[in-house]
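Peer 1: Quick one, fold the following:
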Amino acid sequence: MTRVNKGIRFEYKIRDQLRKEGYYVVRSAGSHGDFDLVAINPTTNIIKLLQLKRGSKRYIKSSKERYDCKHFEGEYMVKFEIIEKED
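Peer 2: Modelled structure (predicted):
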């Protein structure tokens, strides 16, 4: 099994755990964004922005990566919108 496949299996495992806890979970396939999973719990109003690493050696490598993740900490107001294309 490739490293990528192991990472995907880990993402699915965490996704499934969060769904059992009542979260709506979106996976950012390919890890091209800042987060692997976005989990929203409509009951508790908690939103989790998750960057997953499979082991301590794979933890966020640089201080820049750690800083980039830290600036998302805090409280936010969330607005839900549906945007439709106008003809």
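Peer 1: The longest helix along the chain - contacts with which helices or strands?
Peer 2: When the chain is parsed with DSSP state H, its longest helix is helix 3-20. Under the contact definition 3 or more C-beta pairs under 8 Å, 6 or more residues apart in numbering; DSSP states H and E, helix 3-20 sits against strand 24-27, strand 37-41. C-beta coordinates here come from the backbone N, C-alpha and C atoms, glycine included.
Peer 1: the inter-axis angle of the last one versus helix 3-20?
Peer 2: Using axes from the mean of the first three to the mean of the last three C-alpha atoms, to 10 degrees, the interaxial angle of strand 37-41 with respect to helix 3-20 works out to 0 degrees.
Peer 1: Now do the next helix or strand after strand 37-41 against helix 3-20, angle only.
Peer 2: As assigned by DSSP states H and E, the chain's next helix or strand after strand 37-41 is strand 46-50. Counting by the same axes, to 10 degrees, strand 46-50 lies at 170 degrees to helix 3-20.
Peer 1: contacts for strand 46-50?
Peer 2: By C-beta atoms under 8 Å, 6 or more residues apart in numbering, the surrounding residues in contact with strand 46-50 are 14, 18, 23, 34-41, 72, 76, 78.
Peer 1: No further queries at this time; thank you.
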